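Engineer: using only what follows, build the 3D model:
(chains A and B)
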Amino acid sequence: MSKQRLATVWLDGCSGCHMSFLDMDLRLIQLSEMADLVYSPLVDTKQFPENVDVTLVEGAVSSEEDLHKIQAVRQRTTTLVSLGDCAVTGNVPAMRNPFGTKAVCERAYCENVTLDPGIPDQVPRLLSCVRPVHEVVAVDVYIPGCPPSADVIFYAVIELLNGRKPDLSVMTRFGA
Amino acid sequence: MTPSTGVKTLKIDGRDFSARPDETILDVARENKIFIPRMCELNGLSTVGACRLCLVEVKGSNKLLPSCVTHVEEGMEVTTTSERLTHYRRMIVELLFSERNHVCSVCVSNGHCELQNLAQKLGITHVRFPYRNPKVEVDASHERFVIDHNRCILCTRCVRVCDEIEGAHTWDIMGRGVDAKVITDLNQPWGSSATCTGCGKCVHVCPTGALFEKGRSVAEMEKRRSFLPYLTLMREEHE
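Structural biologist: Next up is the predicted model:
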């Protein structure tokens, strides 16, 4: 059997879920025997490839860039996994929602800045509302947790690579 | 308390039980270690049947009945767990999550929260309803306690414990529907309340991180409920 194609994506999150992914340590070798990591912030590929079997998404959908990225990822992925509370619930990134984008940008780029304050136009524009991934595209599997432990990620990925849908509610929860 | 006469017999999940007529289905289930989820009910406080999580099926009734306010009847056949009940219970918990801003990862009650635990117990891994993300307040004006409306599920335990046990009735509810909120006195800052005795009972009956002690950081707020059965018992004996 040829190796499966695994990818990870980093949207609006703190990268803690990717740290937890790396925290699988030795088990990463076992994983690499079953699947190739074809796209990830941890590897060098610049374009999200076609025909990916399993993609883990960390982070909420916060900016126009996130939105375009996740739509392309969904198109090119068979099993899309929301990894961690930001992807699953919006979590900390979504805490800006009650205040509105304008107030948040002014606080970050103007009020708290002494050198050359002003809202930059070279960075991706923020969406008016931060959304969990499944409010934007269809999601197949959810792994709540902040971050989900390496054990949970390993179990989930192995199950998915073996064609099974893991039941994760006993292993992890919101905020775990 | 005078013991009631006329024992009722009923079936819960196929098992036979007997109960006093003044007992509710939930009372009997609790005595016999049958788990029925609930959020507004707390043993020792009056029941309001608000959260609808304790709904059960009773043979002969098309309606689901809240077990916390439904008294036992002779020959009753109760089902506490079914696909239909789990479906509604999940829906209720997901709606609670979507209504305010429950950010478990940074909440003082992370790991000790009844809402969070129940979500896990019901197998909820995500919320199917769009989050409302309302802008609500945090009132930290009290010397020792904080009310964070982001985490409030309007169970009204604080209102009842303050009225029924402490006798102060500092807490109440204002507004309707999604605009409803718990208030202190006539909707003034908690710190300026003339009726609050600072006893902290409201904090410790709160199922989530809505009410907490100042100085508690993420996951540090553990609620202590042991005072409630004791105070209730003492009161009953006095009466």
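Engineer: what about the residue in chain A that chain B sits nearest to, how many neighbours?
Structural biologist: Residue nearest to chain B within chain A: residue A:175 (2.7 Å; Cβ to the nearest Cβ). C-beta coordinates here come from the backbone N, C-alpha and C atoms, glycine included. Burial measure for residue A:175: 25 neighbouring residues, criterion other Cβ atoms under 10 Å in any protein chain shown.
Engineer: and it, backbone torsions?
Structural biologist: With angles defined as degrees, to the nearest 10, residue A:175 sits at phi 80, psi 0.
Engineer: tell me how far it lies from residue A:92.
Structural biologist: Distance check for residue A:175 against residue A:92: by Cβ to Cβ, to the nearest Å, it reads 11 Å.
Engineer: same question, residue B:136
Structural biologist: 17 Å.
Engineer: please apply the same query to residue B:116.
Structural biologist: Applying Cβ to Cβ to residue B:116 and residue A:92 gives a distance of 16 Å.
Engineer: quick one: the helices in the chain?
Structural biologist: You didn't pick a chain, so chain A it is. Per DSSP state H, chain A carries helices over the ranges A:16-22, A:27-34, A:64-76, A:85-89, A:101-106, A:150-161.
Engineer: actually, chain B is the one I wanted.
Structural biologist: Counting by DSSP H, the helices of chain B are B:25-31, B:83-99, B:114-121, B:157-160, B:201-205, B:227-238.
Engineer: can you pull the contacts of residue 88?
Structural biologist: Here I'm looking at chain A. A:82, A:132-134, A:142-144, A:174, B:125-126 (Cβ atoms under 8 Å, 6 or more residues apart in numbering or on different chains).
Engineer: should've been chain B
Structural biologist: When contacts are counted by Cβ under 8 Å, 6+ apart, residue B:88 touches B:52, B:55, B:64.
Engineer: what is the neighbour count of the last one?
Structural biologist: In other words, residue B:64. If you count neighbours by other Cβ under 10 Å, residue B:64 ends up with 17.
Engineer: give me phi/psi at the spatially most central residue of chain B?
Structural biologist: What sits nearest the mean C-alpha location of chain B, by Cα atoms, centre = their mean, is residue B:40, with 2.2 Å. Backbone geometry at residue B:40, expressed as degrees, to the nearest 10, gives phi -90, psi -30.
Engineer: how about residue B:155?
Structural biologist: phi -70, psi -20.
Engineer: I'd say it and residue B:207 touch.
Structural biologist: Yes: assessed by Cβ atoms under 8 Å, residue B:155 is found in contact with residue B:207 at 6.0 Å.
Engineer: give me the common contacts of these two.
Structural biologist: Common neighbours of residue B:155 and residue B:207 (Cβ under 8 Å, 6+ apart) are residue B:39.
Engineer: what average pLDDT does stretch B:78-86 get?
Structural biologist: Mean pLDDT, stretch B:78-86: 97.
Engineer: can you check stretch B:189-205 too?
Structural biologist: Taken as a whole, stretch B:189-205 carries a mean pLDDT of 98.
Engineer: what's next to it, contact-wise?
Structural biologist: So stretch B:189-205 is contacted by B:42, B:45, B:139, B:141-145, B:147, B:157-158, B:161-162, B:165-166, B:168-171, B:184-185, B:211-213, B:223-225, B:227-228 (Cβ under 8 Å, 6+ apart).
Engineer: give me the neighbour count for residue A:7.
Structural biologist: Residue A:7 has 24 nearby residues by other Cβ under 10 Å.
Engineer: how about the nearest residue to residue 159, chain neighbours excluded?
Structural biologist: Picking chain A for this. Distance criterion Cβ to Cβ, 6 or more residues apart in numbering or on different chains; nearest residue to residue A:159, sequence neighbours excluded, is residue A:166 at 3.9 Å.
Engineer: let me rephrase: I mean chain B.
Structural biologist: The nearest residue in space to residue B:159 (Cβ to Cβ, 6+ apart) is residue B:171, at 4.3 Å.
Engineer: in contact with the closest residue in space to residue B:102 that isn't next to it in sequence, which residues?
Structural biologist: Nearest residue to residue B:102 in three dimensions, chain neighbours excluded: residue B:151, at 6.0 Å (Cβ to Cβ, 6+ apart). Residues in contact with residue B:151 (Cβ under 8 Å, 6+ apart) are B:100-102, B:107, B:109, B:208-210.
Engineer: try it again at 10 Å.
Structural biologist: Residues near residue B:151 by Cβ atoms under 10 Å, 6 or more residues apart in numbering or on different chains: B:100-104, B:107-109, B:113, B:115, B:136, B:138, B:206-212.
Engineer: show me where chain B dips below the pLDDT cut-off.
Structural biologist: Judged by pLDDT under 70, chain B has its weakly predicted residues at B:1-5, B:239.
Engineer: for it, which segments count as strands?
Structural biologist: Ranges of strands in chain B, per DSSP state E, are B:8-12, B:15-19, B:55-58, B:64-66, B:77-79, B:138-139, B:145-148, B:171-174, B:181-184, B:211-213.
Engineer: one more: chain A?
Structural biologist: Going by DSSP E, chain A shows strands at A:4-10, A:35-39, A:52-58, A:61-63, A:77-83, A:126-131, A:141-143.
Engineer: given the first one, what are its sheet partners and their directions?
Structural biologist: Using DSSP bridges, the strands paired with strand A:4-10 in its sheet are strand A:35-39 (parallel), strand A:52-58 (parallel).
Engineer: cool, and the fourth one?
Structural biologist: Strands that pair with strand A:61-63, judged by DSSP bridges, come out as strand A:126-131 (antiparallel).
Engineer: and the partner strand, how far from the chain's centre?
Structural biologist: The chain centroid and the centroid of strand A:126-131 are separated by 15 Å under Cα atoms, centre = their mean, to the nearest Å.
Engineer: can you pull the contacts of whichever residue of chain B sits closest to chain A?
Structural biologist: Per Cβ to the nearest Cβ, residue B:104 is where chain B lies closest to chain A, at 2.7 Å. By Cβ under 10 Å, 6+ apart, residue B:104 lies in contact with A:85, A:89, A:91, A:144-146, A:173-176, B:97, B:110-111, B:113, B:115-116, B:119, B:151, B:208-209, B:218-219.
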